[in-house]
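> Sequence plus predicted model, see below.
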Amino acid sequence: MRTSTAPRLLPLASGWFLACSLTSTATAEEGFRESRRILETRCLSCHFPDKIKGDLLMTTREALLQGGDSGAAIVPGKPDESLLIERISLDEDHDDIMPPKGKLLSAGEIDVLRSWISTGAEWPAGITMSPRPKSALPDWDAPADPEILSISAHPSSVTLETAADFHRVLVLAQFKDAANHDITRQAKLSLDDPSLASLTDTTLRPLKDGTTVLRIDYRGLSAEVPVTIKQATQARPISFQLDVMPVLTSAGCNTGSCHGSARGQDGFHLTLYGFDPKGDHFRLTREAPGRRINLALPESSLLLTKAIGEVPHTGGKLFDEDSENYRILRDWIADGANYDEGEIPQPTGIEIEPRELVMKGTGIEIPLTVRATYSDGTDRDVTPLTTFSTSNDNSAPIGSHSGVATSKHRGEAFLLGRFHTYTEGLQAIVIPENLSYTRPELEAFNELDQHVYEKLHKLRIIPSEICSDEVFVRRVYLDLIGQLPEVEDRERFLSSKAPDKRVALVDELIARKEFTEIWVMKWAELLQIRTFNQGPKQVSYKAALGYYGWLRERIADGVPFNEIVRELLASEGGTFANPATNFFQVEQDVLKLTENVAQVFMGTRIQCAQCHNHPFDRWTMDDYYGFASFFAQVKRKPAEDPRERVIFDAGGEVKHPVTNQNVKPRFLGTETPEDFGRKSRREAVADWLASPENPWFARNVANITWAHFFGVGITDPVDDVRISNPPSNPALLEALATKFIESNYDIRSIVREICTSRTYQLSSRTNETNVTDETNFSHALIRRLRAEVLLDSISQVTETPSKFKGLPSGARAVQIADGNTSNYFLTTFGRASRTTVCSCEVKMEPNLSQALHLLNGESTHQRIKSSPVITTMLNAKTPPPVIIENLYLRTLGRKPTEAESAKLQIHLDEAKDPKATRLVLDDVFWALLNSKEFLFNH
């Protein structure tokens with residue numbers, strides 16, 4: 001028997017001769033490449049900075065030479081004296097066999113490593129190994145895979161500026177089933193002119209000025225990356241704002257849970273996410289001289305010793321001594337720890353690539369790359385300085401500093417990257433590897449369907465079937481005009497044989513005045529049209545009625561929606577004479593008014609940026625107060641009528657709380673002209689906000705419109721648009737917004753586009769693939785009728801008119817102008833009070849109070865008692881079964897099933913006289929009004 005320390009014999013079948021042949025002819029580069037593949041695939045998962053077994057790192061040649069607890073892992077030129085070879089060659093039941101778990105290294109793999117060490121263990125400069133997932137694809141020279149559709153490089157072009165610049169290039173394979181796979185380490189990369197730039201792994205660094213091409217080959221497929229090098233020999237000094245501040249942010253030093261909290265941490269305070277760089281520089285360099293920063297001995301600075309764990313630190317170890325973060329901080333301190341002099345280029349944004357991930361199976365790892373652009377036209381790879389996070393650790397966790405996303409369980413995640421004050425993200429989809437799925441052949445009624453289908457395909461979700469005509473006619477009546485179809489209208493639609501009858505019905509309903517009333521109601525909520533009296537801060541009933549009438553007139557006349565908003569924001573004059581001015585009377589606080597404008601017309605909540613840079617969005621304090629400056633000059637004065645106010649512009653500025661200086665007006669997220677010409681500030685912001693140049697306005701209105709018909713927005717909530725709350729289908733939202741702009745901001749046009757799509761017409765009945773889907777529109781969601789529509793529907797089917805303040809008897813609840821006009825039913829069922837601009841004011845969730853009111857309140861009992869419906873049919877000698885059928889048709893939009901008819905007939909048969917029959921019919925009516933099928937649109 002062999003001793004436990006003897007190497008395993010290498011049988012011919014294991015490919016020993018092949019390994020020897022390869023070794024004898026391979027170049028040093030090929031030997032390293034083969035050895036690297038083996039080490040990264042089989043060894044590094046246990047010998048990587050995140051998991052160092054036996055105190056042995058295997059990421060660099062130096063680490064292998066230093067070894068771990070048992071000594072050097074390799075001895076170049078002497079494989080028999082190398083512990084690495086000894087451990088992987090032990091008997092399989094030996095305690096020290098490596099790897100200790102899973103499949104042992106094959107004889108061929110051992111021989112590759114032995115040969116590599118024999119020839120000196122060559123290791124190209126600058127390469128750091130990292131674990132290679134078991135799911136890694138074969139190397140570039142493997143046979144072609146017909147399932148791989150293409151390969152792509154990220155970024156698609158590279159510009160290197162100054163000697164300190166670098167760019168890492170990622171390479172992904174795109175499969176025919178939409179899945180992505182990282183092949184960065186398996187692809188072959190080469191430069192046409194290697195004298196211009198160095199290429200270490202996939203990282204490019206400048207050597208001299210010029211242009212060249214990075215060529216990428218993988219299994220018969222290729223890609224090219226143009227490379228431009230500028231100022232290759234020019235040094236770039238360390239900048240406090242551009243280099244040091246991003247290090248503090250990426251390390252988490254200035255977050256709310258550390259030194260960025262209101263009181264700081266351990267006596268050291270930084271501004272949250274670095275919104276005040278000058279203040280942070282003072283605290284670092286002047287607040288505790290000689291401790292945090294040691295100019296004489298930079299390596300002794302507490303800023304460094306705490307970060308690398310050399311001295312106790314509440315936040316623990318943040319990075320290693322050989323990391324880029326450490327180098328930046330050390331060099332900055334060694335150079336004098338100065339603040340930047342004069343104007344320096346500022347970041348203008350970041351790009352994270354790839355823009356979308358579809359990972360098939362578990363354990364798939366795909367890194368991200370982040371590029372920042374600057375005001376001087378340059379860009380940098382800032383991936384090492386970016387902090388990453390995920391919205392769903394269960395599906396796609398991501399390394400907070402590595403930027404490597406990993407697939408786990410089926411689902412979606414939004415991956416977020418933050419650099420400097422900028423935050424961007426991308427969608428990641430994880431699907432099972434062996435899922436039985438065939439993409440269905442579905443007809444797209446319009447472009448919207450195509451975007452929905454593409455997303456569902458990536459998720460491997462099959463949409464529901466199209467709903468029946470019976471369901472469609474009830475659904476579209478409730479959604480478009482807020483009332484149920486009359487029995488005669490229903491029958492006319494169902495009996496039509498026209499192939500385009502659904503489109504014709506949508507066109508018919510859009511043209512009705514009730515359609516206008518629904519959309520006036522929706523926007524009256526967002527514009528807070530209501531009465532209140534707080535002395536000078538008041539909106540009288542006359543003013544509110546005029547405001548509501550102005551909005552109704554504009555929507556009824558088909559005025560483009562951007563023109564409505566432009567007129568609203570630039571309005572001047574009396575609140576009676578020019579009702580649009582009531583917008584500025586409703587909210588008079590400049591900052592709150594600013595927040596309302598952003599939330600209502602852009603769908604974004606900028607409140608967080610009032611006190612600090614937004615932690616989960618792009619907005620900074622400069623953005624917030626710059627936008628507020630547009631509304632600082634709005635003034636108000638009394639008119640002759642004490643109920644009226646006059647809105648006008650006069651002097652007024654907003655001061656930045658950090659600098660205490662007046663802030664120049666600044667559009668959100670886009671360039672702002674230096675001079676507005678003859679326009680007032682409000683006219684300028686009104687023109688910008690309602691123009692195609694504002695990317696948020698059209699998307700916001702389109703999203704609000706979509707949410708009305710589906711119960712959930714493409715971005716949801718509709719007024720919480722931010723980087724960390726992305727649209728579920730960005731392409732769909734972009735297409736809808738584009739159509740809105742192309743239609744000249746016509747609400748009716750995009751409503752027609754939505755309601756004639758196949759997506760809107762899907763059944764609410766689910767299948768096994770979409771039963772849990774609530775956000776991707778694979779089936780119709782069952783939606784409770786909103787308070788006004790429900791009350792109007794009860795009034796309609798019982799033929800009992802309602803009466804509201806200021807409206808004639810028989811008016812509909814959706815016509816109420818004043819947000820303060822209400823009743824118990826509307827309040828109980830969640831009608832908006834219009835006290836805020838939040839979309840959450842409309843409550844759609846069922847609750848116990850609603851159920852009790854329907855069961856026992858006057859809305860059902862009293863209305864049934866007062867209703868002429870059953871009485872009229874009984875007086876006409878209509879048979880009770882026919883009456884029941886009519887009740888079903890007017891409430892549920894369908895006839896009773898055979899089972900329902902049979903059960904109800906039993907009760908009718910038990911009735912001994914007309915009075916008992918009437919009680920049965922009343923009970924049926926009551927039961928229908930209390931049924932979920934009546935209360936919900938489906």
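Received, thanks.
> Helix or strand next in line after the lowest-mean-pLDDT helix or strand in the chain, which one?
Least confident element among the helices and strands of the chain, by mean pLDDT, DSSP states H and E: helix 16-25 (a mean of 39). Using DSSP states H and E, the helix or strand that follows helix 16-25 towards the C-terminus is helix 28-42.
> Give me the buried stretch members for that following helix, please.
G31, F32, R33, E34, S35, R36, R37, I38, L39, E40, T41, R42 (16 or more other CB atoms under 10 Å). All C-beta spots, glycine's among them, are computed from the backbone N, C-alpha and C.
> What helix or strand is the closest residue to the fifth one other than its chain neighbours located in?
Pointing back at S35 there. Excluding its sequence neighbours, the residue lying closest to S35 (CB to CB, 6 or more residues apart in numbering) is W116, at 4.1 Å. Assigned by DSSP H and E, W116 falls within helix 107-118.
> returning to that earlier point: can I assume the residue nearest to S35 is in contact with R33?
No - the criterion here is CB atoms under 8 Å, and W116 misses it with R33 at 9.7 Å.
> what helix or strand is the residue lying closest to V452 once chain neighbours are set aside on?
Distances taken as CB to CB, 6+ apart put T759 closest to V452, at 4.9 Å, once the chain neighbours are dropped. T759 belongs to no helix or strand when assigned by DSSP H and E.
> Which residues are in contact with T759?
Contacts for T759 (CB atoms under 8 Å, 6 or more residues apart in numbering) come out as L448, D449, V452, P463, F777.
> Please, where are all the strands along the stretch 151-300 of the chain?
158-161, 167-168, 170-175, 180-182, 188-191, 197-200, 203-206, 210-218, 221-230 (DSSP state E, counting those that start in this stretch).
> and H281, which of the ones you listed is closest to it?
strand 158-161 (25.1 Å; CB to CB).
> which residues touch stretch 420-427?
245-246, 249, 273-275, 347, 349-352, 354-357, 368, 370, 372, 382, 412-417, 613-614, 616-618, 620, 723-724, 726, 730.
> Out of the contacts of T759, flag the one nearest to T575.
Using CB to CB, the contacts of T759 come closest to T575 at L448, 40.0 Å.
> Does the closest one touch R752 like I think?
No - in this structure L448 lies outside contact range of R752 using CB under 8 Å: 11.3 Å.
> Looking at those two, which one has more neighbours?
L448 (25 against 20; other CB atoms under 10 Å).
> Mind putting the strands of the stretch 151-300 of the chain into a markdown table with distance to Q633?
Listed next are these as a markdown table, based on distance: least, CB to CB, whole Å:
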| stretch | distance to Q633 |
| --- | --- |
| strand 158-161 | 42 |
| strand 167-168 | 46 |
| strand 170-175 | 49 |
| strand 180-182 | 51 |
| strand 188-191 | 57 |
| strand 197-200 | 53 |
| strand 203-206 | 50 |
| strand 210-218 | 51 |
| strand 221-230 | 45 |
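> Tabulate these (JSON lines), appending mean neighbour count.
As requested, the strands of the stretch 151-300 of the chain are arranged in JSON lines below (neighbours: other CB atoms under 10 Å):
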{"stretch": "strand 158-161", "mean neighbour count": "22"}
{"stretch": "strand 167-168", "mean neighbour count": "22"}
{"stretch": "strand 170-175", "mean neighbour count": "20"}
{"stretch": "strand 180-182", "mean neighbour count": "22"}
{"stretch": "strand 188-191", "mean neighbour count": "16"}
{"stretch": "strand 197-200", "mean neighbour count": "18"}
{"stretch": "strand 203-206", "mean neighbour count": "21"}
{"stretch": "strand 210-218", "mean neighbour count": "18"}
{"stretch": "strand 221-230", "mean neighbour count": "18"}
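> of those, which approaches H259 most closely?
Closest to H259 of these, according to CB to CB: strand 167-168, at 29.6 Å.
> A570 and A698: what is the separation?
Note on A570: its distance to A698, by CB to CB, to the nearest Å, is 19 Å.
> Now the helix holding W116: average pLDDT?
Average pLDDT, helix 107-118: 91.
> for stretch 781-793, same thing?
Averaging pLDDT along stretch 781-793 yields 96.
> just how off-centre is it within its chain?
29 Å (CA atoms, centre = their mean, to the nearest Å).
> To T897, which of the strands of the stretch 151-300 of the chain lies closest?
For T897, the closest of the strands of the stretch 151-300 of the chain is strand 170-175, at 47.1 Å, according to CB to CB.
> can you state the direction angle for the closest one and strand 221-230?
160 degrees (axes from the mean of the first three to the mean of the last three CA atoms, to 10 degrees).
> Other residues contacting strand 170-175?
137, 147-154, 180-184, 187, 189, 202, 216, 218, 221, 223, 353-354, 360, 366-369.
> how near is the residue nearest to V452 to N394?
Counting by CB to CB - T759 and N394 are separated by 28 Å.
> repeat for N446
35 Å.
> Between the two, which is the more surrounded one?
Each of N446 and N394 has its neighbours counted (other CB under 10 Å); N446 has more, 15 against 12.
> And the more buried one, what's its pLDDT?
On the pLDDT scale, N446 is placed at 96.
> Tell me if I'm right that it and C755 touch.
No - if you go by CB under 8 Å, N446 and C755 don't touch, sitting 10.4 Å apart.
> Any chance you could list residues touching both of those two?
By CB under 8 Å, 6+ apart, no residue touches both N446 and C755.
> And the closest residue to I151 other than its chain neighbours, how far from A153?
Leaving out its chain neighbours, the residue that sits closest to I151 by CB to CB, 6+ apart is L221, at 4.8 Å. Separation of L221 from A153 (CB to CB): 11 Å.
> Tell me if G549 really is in a helix.
Yes - if the criterion is DSSP: H, G, I helix; E, B strand; the rest coil, then G549 is within a helix.
> Next up, the contacts around it.
Counted by CB under 8 Å, 6+ apart, G549 has contacts P579, A817.
> go on, the one 3 residues further on?
The neighbours of R552, taking CB under 8 Å, 6+ apart as the test, are T516, E517, V520.
> can you do 10 Å?
Shown in contact with R552 (CB atoms under 10 Å, 6 or more residues apart in numbering): K513, T516, E517, W519, V520, M521, W523, A524, Q815, A817.
> Spatially nearest residue to the spatially most central residue of the chain, not counting backbone neighbours?
Nearest to the mean C-alpha position of the chain, counting by CA atoms, centre = their mean, stands P726 at 1.6 Å. Of all residues not flanking P726 in the chain, F414 sits nearest, at 5.3 Å (CB to CB, 6+ apart).
> now swap in Q761 and tell me
I466 (5.2 Å).
> ok, now S822?
Once flanking residues are discounted, S822 sits nearest to R831: 6.0 Å by CB to CB, 6+ apart.
> from what I can see the one you found touches R786, true?
Yes - between R831 and R786 there is a contact at 7.7 Å, judged by CB atoms under 10 Å.
> residue ranges for the strands of the stretch 751-900 of the chain, please.
Using DSSP E, counting those that start in this stretch, strands in the stretch 751-900 of the chain cover 783-784.
> which residues in it form helices?
Ranges of helices in the stretch 751-900 of the chain, per DSSP state H, counting those that start in this stretch, are 787-798, 824-828, 848-856, 861-866, 869-875, 880-892, 898-910.
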